[in-house]
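>>> model the structure of this input:
(chains A, B and C)
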Amino acid sequence: MNLQQAMNALGPAKEQGLIGEQINGYLGVVQANAEAQQIVELINDARRAEYSRIARDNNIAVADVEARAGQRAIERTPAGQFVKLDGQWVRKR
Amino acid sequence: VPDTLSLSWQLADVFLLAGNTLMTTLADWPELLTLQRGRIKHQGELIAPLSGEPYQLSSSTELLDLTGFYDTTLFRGLSSQLQLSADAVQLQLGIPRLTLQQFEQGVVGGPLQLAADYRAQWDAPASGKLELHDNELILFNGRIKLPSMVLDLAQQEWLLPLHIHQLDLQQLLTQHPTSDLTGQGLINGQIPLIISARGVEVARGRLQAEEPGGRLSYRSPQAKGMAATNPGMKTIVAALDDFHYSVLSSDVSYSTDGHLTLALRLEGRNPAMEGGRPVHLNITLEENIPALITSLQLTNQLNEVIQKRVRERLQRPRQP
Amino acid sequence: CTPTVQVAAPTEPITINLNVKIEHEILIRVDRELDQLFSDSSGLF
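Just a heads-up that it's a prediction; the model follows:
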């Protein structure tokens, strides 16, 4: 699987509850399966590169961008999809 | 048969550089408080007459040059003497003198001088009387003074009338992240701080620049861009490029949700504009102080634990 | 002598009323850049 395919599979995988957003700004696997694992790894690598670029442009720590992204990712997750809160996968109401 | 039991103790000095033994021994050590440097001395005495009369406890704790942080505030050079005396009915904590060399909470301030006495009954230890004597904070090279007063902690709300003496506008503007504005001038004023369960707020604070006034210079690329197409903005940008003011005064209000509003009145001129024609400005200026502090903390290189706490603050959903 | 015309500076002051809201760029800029990441076209969210 390459990044292109992972990006295409991202939406459906979220809707099927295979993967979900976490507070640290990165995707997590909700139900372990090989494909979900690959999507998460490829997408998270791409996000890490973007977060580092934004951090460099604003001379703040990458972790600050991750925290901001995580907060917004969880806020924007539609009802029915999974988010990880306090270490627990929860279906967002 | 001895008629009184007398017990006195002296703890070995604690050197924070070698680790905070107090943190491990005291069960209720405040989780948000970390001490990294400095020295603590503690000694005390308990006199308990066996005949059943009330006991007498007294202890003295000396803090010497402590450095550390509380939540997201860094502090250096905290020295004080804490004198506790208690009996069966009441307790009294005396702080003859507390000095704090510097603190950093986004904005850097200090030194702080504090002297206080707290007296309470054991049946309501947290609602006693706190007597404050001529406390003073140095901030932006100026002084913020609190007159001697008594705070009754049983009340729900406390008014702290802060007197502002000669804050240096240049210092203030250099610490403020907006780098487009520079200036000189000394600011005096009165800021009535109201503290309650709702938080901290200010109503009808008043600030004004000292005679003969000073200078302000606002040079911002965006404003210059807007000035090209907007005549009103053009005048403002021209006037404020090198504004010599004789009057700078402001009403100040601050709400518990962190909203600062300044109703500024400026009178002065730019010698290079229309031959120095007088210009009067009425500016309503709004700023969210928590956002200011957070953005300052994000860019200042603070230690890792504070950065982590600021980040957590970022993740907490914003209050409605 | 040639009369020199001395244009006295207009004494009548210009009055300007202004409302300024200070936004804190760091958080704003980061949010704006994150907006691009969150848009459907980025493929990352």
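
>>> how far away from the center of its chain is the lengthiest helix in chain A?
In chain A, taking DSSP state H as the definition, the longest helix is helix A:34-57. Centroid separation for helix A:34-57 versus its chain: 8 Å, with Cα atoms, centre = their mean, to the nearest Å.

>>> and if you look at stretch B:196-210?
13 Å.

>>> export it to CSV, keeping only CA atoms.
Provided in CSV are the C-alpha atoms of stretch B:196-210 (Å, rounded to 0.1, in the frame of the first residue of the first chain):
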residue,chain,number,x,y,z
SER,B,196,-13.9,35.9,43.9
ALA,B,197,-15.0,32.3,43.1
ARG,B,198,-15.8,33.6,39.6
GLY,B,199,-12.1,34.5,39.1
VAL,B,200,-10.2,37.8,38.7
GLU,B,201,-11.8,40.9,37.3
VAL,B,202,-11.2,44.7,37.1
ALA,B,203,-14.0,47.3,36.8
ARG,B,204,-13.2,51.0,36.2
GLY,B,205,-9.4,50.7,36.3
ARG,B,206,-7.6,53.9,35.2
LEU,B,207,-4.2,54.4,33.7
GLN,B,208,-2.5,57.6,32.3
ALA,B,209,1.0,58.6,31.1
GLU,B,210,3.0,60.9,33.2
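
>>> end-to-end on stretch B:40-56?
Counting by Cα to Cα, to the nearest Å, you get 23 Å between the two ends of stretch B:40-56.

>>> the inter-axis angle of the helix or strand bottoming out on mean pLDDT in chain C versus helix A:34-57?
One helix or strand of chain C scores below all others by mean pLDDT, DSSP states H and E: helix C:25-38, with a mean of 80. For helix C:25-38 against helix A:34-57, the angle by axes from the mean of the first three to the mean of the last three Cα atoms, to 10 degrees is 150 degrees.

>>> say whether chain B is contacted by the longest helix of chain A.
No - contact of helix A:34-57 with chain B is not found when judged by Cβ under 8 Å from any Cβ of the partner chain; the minimum separation is 10.3 Å. The way it works is simple: take the backbone N, C-alpha and C, and place the C-beta from them, glycine included.

>>> follow-up on the earlier one: what packs against the least confident helix or strand of chain C?
Helix C:25-38 is packed against helix A:34-57, helix A:62-76, helix B:289-299, with contacts defined by 3 or more Cβ pairs under 8 Å, 6 or more residues apart in numbering or on different chains; DSSP states H and E.

>>> show the average pLDDT along the longest one.
What that stands for is helix A:34-57. In this model, helix A:34-57 has a mean pLDDT of 93.

>>> likewise the last one?
Summarised as a single mean, pLDDT over helix B:289-299 is 81.

>>> residue B:155 in helix, strand or coil?
Using DSSP: H, G, I helix; E, B strand; the rest coil, the secondary structure recorded for residue B:155 is coil.

>>> phi, psi of it?
As for residue B:155, its main-chain torsions (degrees, to the nearest 10) stand at phi -70, psi 170.

>>> neighbours of it, just the number please.
Residue B:155 has 10 neighbours, counted by other Cβ atoms under 10 Å in any protein chain shown.

>>> same check, this time on residue A:82
Neighbours around residue A:82, by other Cβ under 10 Å: 21.

>>> quick one: contacts for it?
A:14, A:17, A:19-21, A:30, A:89-92 (Cβ atoms under 8 Å, 6 or more residues apart in numbering or on different chains).

>>> switch the cut-off to 6 Å
A:17, A:20, A:30, A:89, A:91 (Cβ atoms under 6 Å, 6 or more residues apart in numbering or on different chains).

>>> for chain C, see how far away the closest residue to it other than its chain neighbours is.
Nearest non-adjacent residue to residue A:82, counting by Cβ to Cβ, 6 or more residues apart in numbering or on different chains: residue A:20, 3.1 Å away. Residue A:20 sits 12 Å away from chain C, going by Cβ to the nearest Cβ, to the nearest Å.

>>> so residue A:20 sits against residue A:30, correct?
Yes - between residue A:20 and residue A:30 there is a contact under Cβ atoms under 6 Å: 5.1 Å.

>>> for residue B:202, see how far away the closest residue to residue B:288 other than its chain neighbours is.
Nearest non-adjacent residue to residue B:288, counting by Cβ to Cβ, 6+ apart: residue B:258, 5.3 Å away. Taking Cβ to Cβ, to the nearest Å as the measure, residue B:258 falls 12 Å from residue B:202.

>>> helix or strand for the residue nearest to residue B:228 when sequence neighbours are not counted, which one?
The shortest distance from residue B:228 to any residue other than its chain neighbours is 7.7 Å, reached at residue B:234 (Cβ to Cβ, 6+ apart). Per DSSP states H and E: residue B:234 is located in helix B:231-241.

>>> how many neighbours does the residue of chain A found nearest chain B have?
Nearest to chain B, among the residues of chain A, is residue A:67, at 4.3 Å (Cβ to the nearest Cβ). By other Cβ under 10 Å, the residues close to residue A:67 number 23.

>>> tally of neighbours for the residue nearest to it when sequence neighbours are not counted?
Spatial nearest neighbour of residue A:67, excluding adjacent residues (Cβ to Cβ, 6+ apart): residue B:311 at 4.3 Å. Look at residue B:311: counted by other Cβ under 10 Å, it has 21 neighbours.

>>> for whatever residue of chain C ends up closest to chain A, give me the pLDDT.
Taking Cβ to the nearest Cβ, chain A has its nearest neighbour within chain C at residue C:43, 3.5 Å off. pLDDT for residue C:43: 88.

>>> cool, residue B:1 as well?
For residue B:1, pLDDT reads 63.

>>> now the helix holding residue B:234: mean pLDDT?
91.

>>> tell me what that helix is packed against?
helix B:221-229 (3 or more Cβ pairs under 6 Å, 6 or more residues apart in numbering or on different chains; DSSP states H and E).

>>> show me what the helix it packs on is packed up against.
So helix B:221-229, by 3+ Cβ pairs under 6 Å, 6+ apart, packs with helix B:231-241.

>>> the inter-axis angle of the helix it packs on versus helix B:221-229?
Using the same axes, to 10 degrees: helix B:231-241 against helix B:221-229 is 130 degrees.
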